[in-house]
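Asker: Structure of the sequence below:
(chains A and B)
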Protein chains: 2
Amino acid sequence: MNGADSLCDTLLANDVDVCFANPGTSEMHFVAALDRKPKMRCVLGLFEGVVTGAADGYARMADKPAATLLHLGPGLGNGLANLHNAKRARTPMVNIVGDHATYHVQYDAPLTSDVEGVARPMSHWVKRTTKAADLSADAAEAVGVARRSPGNIATLILPADAAWTDLPENTAPVLAKSEALAQTSADAVRAAVAAIRSGEVTTLMLGGSALRERALNAAGRIARATGVRLVSETSNRRIERGGSRTPVDRLPYPIDLAVAKLKDVRHLVLVGAKAPVGFFAYPGKPSLLAPPDCKQVVLGTPEQDLAHALEWLADELGIAQDAPRLAAAPANYEVPQSGKLTGAAVNILVAHHLPEQAIVCDESITQGREFPLYSVNSAPHDWLMLTGGAIGIGLPLATGAAVACPDRKVVTLQADGSGMYTLQALWTQARENLDCLTVILANRSYATLHGEMKNVGVQEPGRNARRMLDLEEPYLDWTHLARGMGVEAVSVDTVEGFARALQEGLKRRGPFLIEAVI
Amino acid sequence: MNGADSLCDTLLANDVDVCFANPGTSEMHFVAALDRKPKMRCVLGLFEGVVTGAADGYARMADKPAATLLHLGPGLGNGLANLHNAKRARTPMVNIVGDHATYHVQYDAPLTSDVEGVARPMSHWVKRTTKAADLSADAAEAVGVARRSPGNIATLILPADAAWTDLPENTAPVLAKSEALAQTSADAVRAAVAAIRSGEVTTLMLGGSALRERALNAAGRIARATGVRLVSETSNRRIERGGSRTPVDRLPYPIDLAVAKLKDVRHLVLVGAKAPVGFFAYPGKPSLLAPPDCKQVVLGTPEQDLAHALEWLADELGIAQDAPRLAAAPANYEVPQSGKLTGAAVNILVAHHLPEQAIVCDESITQGREFPLYSVNSAPHDWLMLTGGAIGIGLPLATGAAVACPDRKVVTLQADGSGMYTLQALWTQARENLDCLTVILANRSYATLHGEMKNVGVQEPGRNARRMLDLEEPYLDWTHLARGMGVEAVSVDTVEGFARALQEGLKRRGPFLIEAVI
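Answerer: This next block holds a predicted model:
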């Protein structure tokens, strides 16, 4: 056996058994080792942004890290945007990045680059193994770091000679350390109780694991009993919602709406969330979204056991464990029947037909902002979002989620502009026959940016601006793009057509794409 | 006017008048400024790898930098792989990377990242402007650095508030400094003369600007008069070749062939080239490709005036300015007429039909390695290559080259696996109606890696290896992919079919794609 075998054995021994990969020459010994370990499921992405985005989607649903396999600095660079999103989501991930043999780096061959430098901005932990004998310990450390609550991006740089050097047969894999989840403090709970009992407007701001069902149940009891509001951050890793689950308002992306939502809040109780800040800065508008006189209390940090913190808070407030929870008001919509297709019609129809235990991967940007309103009473589902604002996550995220949950339908709401960033994910969906239904919301522009142009005072964009904001001349044809990668697809521009295609897509198994021209 | 106007004015005043762009919210004031400057040609790429690769192709042909416009750390990250290639090519480029407003960074909004950290590994120069009044000087410095021989990647980080802050009307743009090209020394020329006159086997190793016509003319006279060999590096920015131009052997990529080519060389005269090193390291094979006892002499560095250095060397050797030059032996091939299409047939037919002044963008990887042999007597053309080994350059490079040279036919030899990395470039070719003929060499595998698997001793790859190296189940259909982005396309798998499609593609103007199934 060699270093690469030891690395594979260590990943498997630590329950990392899916590897999203796009290998190159310097990783060939690792590929050969993976070839000797059929327990490792290797999933090829035809671009590294697919690889890292899929590893993110996988871990959000599997609650454990996948490995990625990337090729030197440029391969890692290609995966960086979705690593940024995963880092913001606090997704656990173990990146294995091949590099030149240790003695070859000095010669500055064409593919040489500062791999650590590329890794560091989007990783919580970076290490370079220097010899085969260290690989198991280093890989175990990477897995341990990745799994540490609430999740971390661990990047291990693997020189080719560390992979190919022989080791004693049956070198035992090192096991990663597990750390108990940290608990919040009695002081923090007392401070939250005081805020809630102040009689002033109080909001629980929920993020991270506070948006999973058990934590939400406790938050829902607190909200029902005390009248506090439940608000989530704008960008969230995973919200368990629908059915009888506790509804949470999402802080809006547009800055004026976000400020308006928080304007009368006097106490903000942060539960795995950060004090809300503007996604961007705008001249004359605040960076901090809560009112200046709003008091902030941290009930629990993202690292802590937030379900326990909320249950403790409910106990301190004297709320019984079986007390009723906040329930969602029925979503207020009529199911559209016919006519020209609109973004609202797409959102309503998807919400209406959403199957039990669907996983919704949401990179719908402008056109999907109302989806959460319509889907509050949909069948129970998970809602995964773009977390770091780096577009191009939707299709990869869905790919990884489907690998993690083969028995659940994955429905992707994908804006066309951002979908183009990582469209190669469709091929992996076809290759692995993943049960992914993709809805492309084809408004044929970077619509967010049209809004932002107005925000900076340009009412009538000229040629240069239009050439940079509009996706026309020519239009993209997503049915061709999908078929080019082996995914069946239809294009619709009427409500009837979309309703039919949606129901057809939900019925079948395997990947299917609907281009919804709106 | 504001900072963004001043930045645009400065770029234009310094003859940077093409901007390849994929903007986001933080760049809206810059987009608004570009909208007020119709002299700036803005070319949208639907992914940042297209943007940076196109800027590379543009500068290689225009001999001056383009600007790019990128959105924060993740947008820059997406462009990093082709920046790596451009850095290795020593292409001049000015990247404008938007970032949050200076006062907003501290709040760690979702899109916040260490932009300098992302930029540094793939840039020669990185600077963050802190206020609007500095923008013109900073941009002029960026242009100056980018243009400094042999070319540099200059990355200027543009905080949103530096862009939007007002400046006095008619703030004058700063002009970039120009530096005279450095000349080689008499000592260097004398050392090269001594090597050539040693009577031992001597090779001129040419790189960078030594591969342009004037420098090659001098090298060709030297080779003809003295019998020295002319060899280029494996990866080159731009070679002017074909017709009566001086032919240069390219150092092969496979390490055994490269070592064999250099094995009897006793003197290596480096002219804008580095001492040759293995693209990768392999167990038991050398990193340095020249024999250990081979003496190396630097006639000129990449920074220097290499045409002058070679002409000086010819003078010192007593070779007349009108002395005959090395001529290419006629390429040894028969034009195939029919039968199943092969990579060789594609290379021969393209070489045979190559139009006058074509620009060949070559990311053909395994299937195109013989193209240079067949095309040595083709009509005069420029040959642009993948320089840094980061795949995904071909389609963007062609896009930029076509923007720079609207009157020349751009022929791209594109492997399918690497083509998938940045296929979005096809949309830009359609949008700008660029005269780009793309030949996809569809061998439906990462064929390089199949070879490398054999090199590491795996003769019969198992399931995991095949799943990572083969592009099948499903096959890609490039005609659908191209049509999805507005580019007409055909698929052929016979010699007759390819010959017909090629001639049709060469005749028409505008983008066209041939999927050559081999």
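Asker: what sits against the residue located most distally from the centre of chain A?
Answerer: What lies farthest from the middle of chain A is residue A:168; by C-alpha atoms, centre = their mean that is 40.1 Å. Neighbour list for residue A:168: residue A:1 [criterion: C-beta atoms under 8 Å, 6 or more residues apart in numbering or on different chains]. Bear in mind the C-beta positions are built from the backbone N, C-alpha and C, glycine included.
Asker: so it sits in a strand?
Answerer: No: assigned with DSSP: H, G, I helix; E, B strand; the rest coil, residue A:168 falls outside any strand and is coil.
Asker: What's the local residue count around residue A:428?
Answerer: 29 (other C-beta atoms under 10 Å in any protein chain shown).
Asker: who does the least confident helix or strand in chain A by mean pLDDT touch, helix- and strand-wise?
Answerer: Least confident element among the helices and strands of chain A, by mean pLDDT, DSSP states H and E: helix A:447-455 (a mean of 87). Counting contacts by 3 or more C-beta pairs under 8 Å, 6 or more residues apart in numbering or on different chains; DSSP states H and E, helix A:447-455 packs against helix A:463-469, helix B:28-35.
Asker: out of those, nearest to residue B:499?
Answerer: helix A:463-469 (37.2 Å; C-beta to C-beta).
Asker: sorry, back to before: what lies in contact with the least confident helix or strand of chain A?
Answerer: For helix A:447-455, contacts defined as C-beta under 8 Å, 6+ apart pick out A:254, A:282, A:365-367, A:415, A:417, A:461, A:465, A:468-469, B:23-25, B:28, B:31-32.
Asker: ok, now with 6 Å
Answerer: A:365-366, A:461, A:469, B:25, B:28 (C-beta atoms under 6 Å, 6 or more residues apart in numbering or on different chains).
Asker: how about the helices in the stretch 1-150 of chain A?
Answerer: Assigned by DSSP state H, counting those that start in this stretch, the stretch 1-150 of chain A shows helices spanning A:3-13, A:28-35, A:48-62, A:72-89, A:115-119, A:135-147.
Asker: Flag whichever of those helices has the least confidence on average.
Answerer: Between those, the lowest average pLDDT goes to helix A:28-35, which shows a mean of 94.
Asker: My read is that residue A:30 contacts residue A:4, right?
Answerer: Yes: counting by C-beta atoms under 6 Å, residue A:4 is a contact partner of residue A:30 at 4.4 Å.
Asker: Spell out which residues are contacts of both of these two.
Answerer: residue A:163.
Asker: Deepest in the core, which of the helices and strands packed on helix A:447-455 is it.
Answerer: helix B:28-35 (a mean of 26; mean count of other C-beta atoms under 10 Å in any protein chain shown).
Asker: picking up where we left off before, may I see the helices and strands packed on helix A:447-455 arranged in a markdown table, with distance to residue B:146 as well?
Answerer: As requested, the helices and strands packed on helix A:447-455 are arranged in a markdown table below (distance: least, C-beta to C-beta, whole Å):
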| stretch | distance to residue B:146 |
| --- | --- |
| helix A:463-469 | 22 |
| helix B:28-35 | 18 |
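Asker: Okay, residue A:127 and residue A:157: tell me how far apart.
Answerer: 7 Å (C-beta to C-beta, to the nearest Å).
Asker: which bits of the stretch 401-518 of chain A sit near chain B?
Answerer: A:420-421, A:424, A:430-431, A:452-453, A:456, A:458, A:462, A:464-465, A:467-468, A:473-474, A:477, A:480-481, A:483-484, A:486 (C-beta under 6 Å from any C-beta of the partner chain).
Asker: 7 Å instead?
Answerer: Within the stretch 401-518 of chain A, the residues that sit near chain B (C-beta under 7 Å from any C-beta of the partner chain) are A:420-421, A:424, A:427, A:430-431, A:448-449, A:452-453, A:456, A:458, A:461-465, A:467-468, A:473-474, A:476-478, A:480-481, A:483-486.
Asker: where does the stretch 201-350 of chain A come near chain B, residue by residue?
Answerer: So the stretch 201-350 of chain A meets chain B at A:235, A:277-281, A:283, A:287-288 (C-beta under 7 Å from any C-beta).
Asker: Just the buried residues of the residues you listed.
Answerer: Among these, those buried by neighbour count (16 or more other C-beta atoms under 10 Å in any protein chain shown) are A:235, A:277-281, A:287.
Asker: neighbours around the closest residue to residue A:179 other than its chain neighbours, how many?
Answerer: Spatial nearest neighbour of residue A:179, excluding adjacent residues (C-beta to C-beta, 6 or more residues apart in numbering or on different chains): residue A:148 at 5.8 Å. Number of residues near residue A:148 (other C-beta under 10 Å) recorded here: 20.
Asker: Now the phi/psi pair for residue A:148, please.
Answerer: phi -60, psi 130 (degrees, to the nearest 10).
Asker: quick one: it and chain B, what's the gap?
Answerer: 20 Å (C-beta to the nearest C-beta, to the nearest Å).
Asker: Tell me the spacing between that residue and residue A:124.
Answerer: Residue A:148 is 9 Å from residue A:124, by C-beta to C-beta.
Asker: do the same with residue A:426
Answerer: For residue A:426, the distance to residue A:124 - C-beta to C-beta - is 30 Å.
Asker: Residue A:398 against residue A:436, yeah?
Answerer: Yes: using C-beta atoms under 7 Å, residue A:398 is in contact with residue A:436, at 5.0 Å.
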